[in-house]
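Undergrad: Got a sequence here, can you model it:
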Amino acid sequence: MTAHMEMSCASNDDFATMPRDESGDFLLQEFVNPVTKTETLYEDETRRAHILKERVEMGNGTYYEVTSTLAKERTIDLGITATAAWLTHDRGLNQDRALRAARLGIDTVFISPQQNLDRRGHFGKSVCNIIEISDYMHRRHDRDPDNLWVDGISRGSMHALGVTAKAPFVDDKKVLVGDYTVPCFPEGIDLKRDLVQLPELVLNEFSASTAFLKLPFNAVTSYPRTIAFSPKMQFQQLKEVPTLLSGAVGNAARHMPSDTFGHVTNYLGDIMGQGRRWEPIFAEYDNITVENFKGGGHLSLAAPRCQEKWEDRLKAVHEVIESDPRIVQLGSSALCEAVRSTSNTFRHRPIAA
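TA: Here you go, the predicted structure:
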């Protein structure tokens with residue numbers, strides 16, 4: 001695989017955003033917090049992948065649990081960067097997705113929420129730390145550190161959108177492609193506006209939970225392990241709630257590079273996802289496809305159909321990059337055009353059946 005030279009960390013703002021952000025938020029604030037120490041927590045093997053979980057410590061003392069799923073027969077230099085959905089960790093559905101990528105020859109870096117008990121969550125700093133950890137892991141495993149592939153569900157997709165917006169400000173990095181499943185709260189929470197929807201939320205999520213009845217047997221036995229039942233892990237997730245309800249992710253999504261390429265999956269019955277409120281934000285990006293399914297709820301993310309479509313998109317992007325790795329250097333628009341010319345997996349479906 002291609003060797004990549006070390007680069008110093010410096011901000012760069014010579015690129016087009018939608019529109020250019022001058023608000024003084026985390027996109028323009030330099031936040032340098034390199035990885036300083038790693039400690040192996042466990043290792044595992046499957047037929048197609050080597051799995052390595054580590055405690056990763058940053059320069060300011062924050063630390064994360066990072067799981068690398070390394071394809072034994074890697075086929076492309078791009079690796080996927082992902083982080084946890086609400087109340088989940090690196091097992092179950094998240095591990096299943098990483099292993100599916102490994103079967104194609106794609107490495108995945110899965111990053112937990114920050115693990116310090118004495119520190120509050122902060123959306124912007126978490127995004128910057130994800131970029132730093134991703135850069136460290138990509139360089140260590142001889143992958144492309146500058147062209148990123150981000151993936152995420154719920155909280156994970158919110159941070160993936162933040163990474164997409166922030167990456168060009170960090171050593172001129174670029175998110176080449178992103179897959180964003182049920183991102184939440186683009187406008188934050190307004191109790192007067194949103195509290196009346198609580199009964200609908202409960203009803204829709206109860207209905208969406210029936211998706212688990214349609215899962216194949218192996219998924220039924222493994223997906224429950226997706227939930228992080230440890231009290232410490234739950235605490236780490238819950239203390240991030242205020243920052244994720246602030247609307248910061250919606251602001252970040254409004255200022256991504258204008259050629260951002262990716263796919264957004266929403267369910268119109270998902271009160272947390274607020275799919276209708278995302279529509280005007282993503283409408284500004286020609287290379288982002290949005291699929292809004294009727295009904296459903298936040299838990300519909302685990303439905304077989306949702307995961308099958310995600311894997312179809314994974315395969316479509318991989319096929320194009322593997323067949324001609326040079327397309328990575330041509331950027332997001334070129335990759336978007338190539339993928340759309342060979343597959344219908346990235347297509348606008350304003351209201352899907």
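Undergrad: worst-scoring helix or strand of this protein, pLDDT-wise?
TA: helix 217-222 (a mean of 47; mean pLDDT, DSSP states H and E).
Undergrad: Pull out the buried residues from whichever helix or strand comes after that one.
TA: Next helix or strand after helix 217-222 toward the C-terminus (DSSP states H and E): helix 231-238. Residues of helix 231-238 classed as buried: M233, Q236, Q237 (neighbour count, 16 or more other Cβ atoms under 10 Å). Just so you know, the C-beta spots here come from the backbone N, C-alpha and C atoms, and that holds for glycine as well.
Undergrad: Then stretch 96-116?
TA: For stretch 96-116, by 16+ other Cβ under 10 Å, it's 96-102, 104-115.
Undergrad: Which of the residues you listed fall within helices?
TA: D96, R97, A98, L99, R100, A101, A102, L104 (DSSP state H).
Undergrad: State the distance from the residue nearest to R100 when sequence neighbours are not counted to L117.
TA: In this structure, R100 finds its nearest non-sequential neighbour in E311, 5.8 Å apart by Cβ to Cβ, 6 or more residues apart in numbering. Using Cβ to Cβ, to the nearest Å, E311 is found at 36 Å from L117.
Undergrad: cool, and L93?
TA: Distance from L93 to L117, by Cβ to Cβ: 26 Å.
Undergrad: Have a look at these two and say which one is more surrounded.
TA: With neighbours defined as other Cβ atoms under 10 Å, L93 and L117 compare such that L93 has more, 21 against 8.
Undergrad: Touching, the more buried one and T181? I think so.
TA: No - counting by Cβ atoms under 8 Å, L93 does not reach T181; the two are 10.7 Å apart.
Undergrad: Spit out the residues that contact the two alike.
TA: I153 (Cβ atoms under 8 Å, 6 or more residues apart in numbering).
Undergrad: and F110, what are its bridge partners?
TA: T67, A82 (DSSP bridges).
Undergrad: Next up, the contacts around it.
TA: Here F110 is in contact with V66, T67, S68, T69, A82, T83, A84, D90, N94, A98 (criterion: Cβ under 8 Å, 6+ apart).
Undergrad: One more: F31?
TA: Contacts of F31 (Cβ under 8 Å, 6+ apart): G124, K125, C128.
Undergrad: let's see 10 Å
TA: 9, 11, 60, 122, 124-125, 127-129, 131-132, 166, 169-170 (Cβ atoms under 10 Å, 6 or more residues apart in numbering).
Undergrad: Neighbouring strands - and their directions - for the helix or strand encompassing V177?
TA: Using DSSP H and E, the element containing V177 is strand 174-181. Applying DSSP bridges, strand 174-181 is found paired with strand 147-153 (parallel), strand 262-267 (parallel).
Undergrad: For N292, find the nearest of these.
TA: strand 262-267 (4.9 Å; Cβ to Cβ).
Undergrad: Now find how far off-centre the helix or strand following the closest one is within its chain.
TA: Heading C-terminal from strand 262-267, the first helix or strand you meet, by DSSP H and E, is helix 275-282. Helix 275-282 has its C-alpha centroid displaced from the chain centroid by 18 Å (Cα atoms, centre = their mean, to the nearest Å).
Undergrad: Now the element after helix 275-282, going C-ward?
TA: strand 288-293.
Undergrad: quick one on the thing from earlier: Serialize the strands paired with strand 174-181 to a markdown table and add fields for mean neighbour count.
TA: Converted to a markdown table, those look like this (neighbours: other Cβ atoms under 10 Å):
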| stretch | mean neighbour count |
| --- | --- |
| strand 147-153 | 27 |
| strand 262-267 | 26 |
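Undergrad: No further questions, thank you.
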